[in-house]
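K.L.:
Whatever this is, show me its structure:
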Amino acid sequence: MIKFFVSASNHGHLRGLADEFQESTNAIRKELNQLSDAGYLEKSTDKNKIMYRANTNHSLFKPLQKLIHAYLGIDEIVDSVLQRSGDIQEVSLIGDYAEGLDSGKIDVLILGENINQAYLLRLADKVAEKLGKEIGISFENFNIQRKVILFVK
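P.N.:
Predicted coordinates:
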């Protein structure tokens, strides 16, 4: 569920998900079918592949997405960042978590003016310790393949 609910734009197909999570296609198929039958995932066909993505029209989409964000510690990071860190224009999740992978490292992109980078780096260390995850912070918008925008001013 993390894969699909961390960002509504995430999608995947059976073999790709099996490779990504290093699970058998049968195990992935079973989960995808259960989530689809319950209405949490939508199916679509792209060439010969059945693609899956979160059903954003499901009544539980927003609460599940909020739960996933809380589980990953994203809500806590965003709240802390916005309090005392300068003129933040955008906060985005990048890296594995933006792809829906729980790799244990949370990469965050913070853009703005007069950002207190030293404060944010110290804060990232504290949050990382609390969550038991590694946190990486970037302050430059380099060539990012995918990002999940958490805050825009």
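K.L.:
Every contact and neighbour count from this point should use C-alpha atoms.
P.N.:
OK.
K.L.:
can you map out the strands along this structure?
P.N.:
Taking DSSP state E as the criterion, the chain carries its strands at 11-13, 41-46, 49-54, 87-94, 105-113, 134-138, 147-152.
K.L.:
Output those strands in a markdown table; the columns should cover mean neighbour count and mean pLDDT.
P.N.:
Listed next are the strands of the chain as a markdown table, based on neighbours: other Cα atoms under 10 Å; pLDDT from 0 to 100:
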| stretch | mean neighbour count | mean pLDDT |
| --- | --- | --- |
| strand 11-13 | 19 | 85 |
| strand 41-46 | 15 | 88 |
| strand 49-54 | 19 | 90 |
| strand 87-94 | 19 | 85 |
| strand 105-113 | 19 | 89 |
| strand 134-138 | 17 | 90 |
| strand 147-152 | 16 | 76 |
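K.L.:
Just tell me which of the ones you listed ends up closest to L120.
P.N.:
Nearest of the strands of the chain to L120, taken as Cα to Cα: strand 134-138 at 8.0 Å.
K.L.:
In JSON lines: the strands of the chain, plus distance to F4.
P.N.:
Listed next are the strands of the chain as JSON lines, based on distance: least, Cα to Cα, whole Å:
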{"stretch": "strand 11-13", "distance to F4": "6"}
{"stretch": "strand 41-46", "distance to F4": "8"}
{"stretch": "strand 49-54", "distance to F4": "5"}
{"stretch": "strand 87-94", "distance to F4": "14"}
{"stretch": "strand 105-113", "distance to F4": "17"}
{"stretch": "strand 134-138", "distance to F4": "21"}
{"stretch": "strand 147-152", "distance to F4": "12"}
